[in-house]
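# model the following, please.
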Amino acid sequence: MKVKTLNGNLNIIGKNLRKYRKLKKISQPEICKKLDLIGVTMYICDIYEIEYGKKTVKDFEALAFCKVLGITLEDLYDNTDQYYEA
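Next up, the predicted model:
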């Protein structure tokens, strides 16, 4: 089965996830711990792969990122139109 991508990316929120995680001064291990507290199990390698567009993101994971970072879905998807431009 072939994996679908958008201009070679498996997600479009990775850059924003990394930006907001760093703005909030939360490390990759820390975000994993915070996610685990709300019932979403992710590993450091998952966060890395998402931030660099190498892993898909499920809808519940996107919402969990927003909850632990204190941001909105709009923030997480901000400036993602660039992925659709040729």
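# just checking, what packs against the helix or strand where Asp75 lies?
Element membership of Asp75 [criterion: DSSP states H and E] is helix 73-76. With contacts taken as 3 or more Cβ pairs under 8 Å, 6 or more residues apart in numbering; DSSP states H and E, helix 73-76 sits against helix 14-23, helix 59-69. Heads up, the C-betas are built off the backbone N, CA and C, glycines and all.
# buried ones in that helix?
Neighbour counts over helix 73-76 (16 or more other Cβ atoms under 10 Å) mark Leu76 as buried.
# circling back to that earlier point, how about JSON lines for the helices and strands packed on helix 73-76, with distance to Met42 added?
Formatted as JSON lines, those follow (distance: least, Cβ to Cβ, whole Å):
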{"stretch": "helix 14-23", "distance to Met42": "11"}
{"stretch": "helix 59-69", "distance to Met42": "7"}
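# which one of the ones you listed lies nearest to Ile50?
helix 14-23 (5.2 Å; Cβ to Cβ).
# identify all contacting residues around the closest one.
28, 31, 47, 50-53, 65, 69, 71, 75-80 (Cβ atoms under 8 Å, 6 or more residues apart in numbering).
# same question, stretch 2-13
Counting by Cβ under 8 Å, 6+ apart, 50, 53-57, 62, 65, 76-77, 80, 83-84 sit against stretch 2-13.
# select from those residues the one having the most neighbours.
Phe65 (26 neighbours; other Cβ atoms under 10 Å).
# now the spatially closest residue to that one that is not a sequence neighbour: how far from Ile71?
Leaving aside its chain neighbours, Phe65 sits nearest to Leu17 (5.8 Å; criterion: Cβ to Cβ, 6 or more residues apart in numbering). According to Cβ to Cβ, to the nearest Å, Leu17 and Ile71 sit 9 Å apart.
# try Lys24
9 Å.
# who has more neighbours, these two?
Neighbour count, other Cβ under 10 Å: between Lys24 and Ile71, Ile71 has more, with 19 against 13.
# contacting residues around that one?
Neighbour list for Ile71: 20, 65 [criterion: Cβ under 8 Å, 6+ apart].
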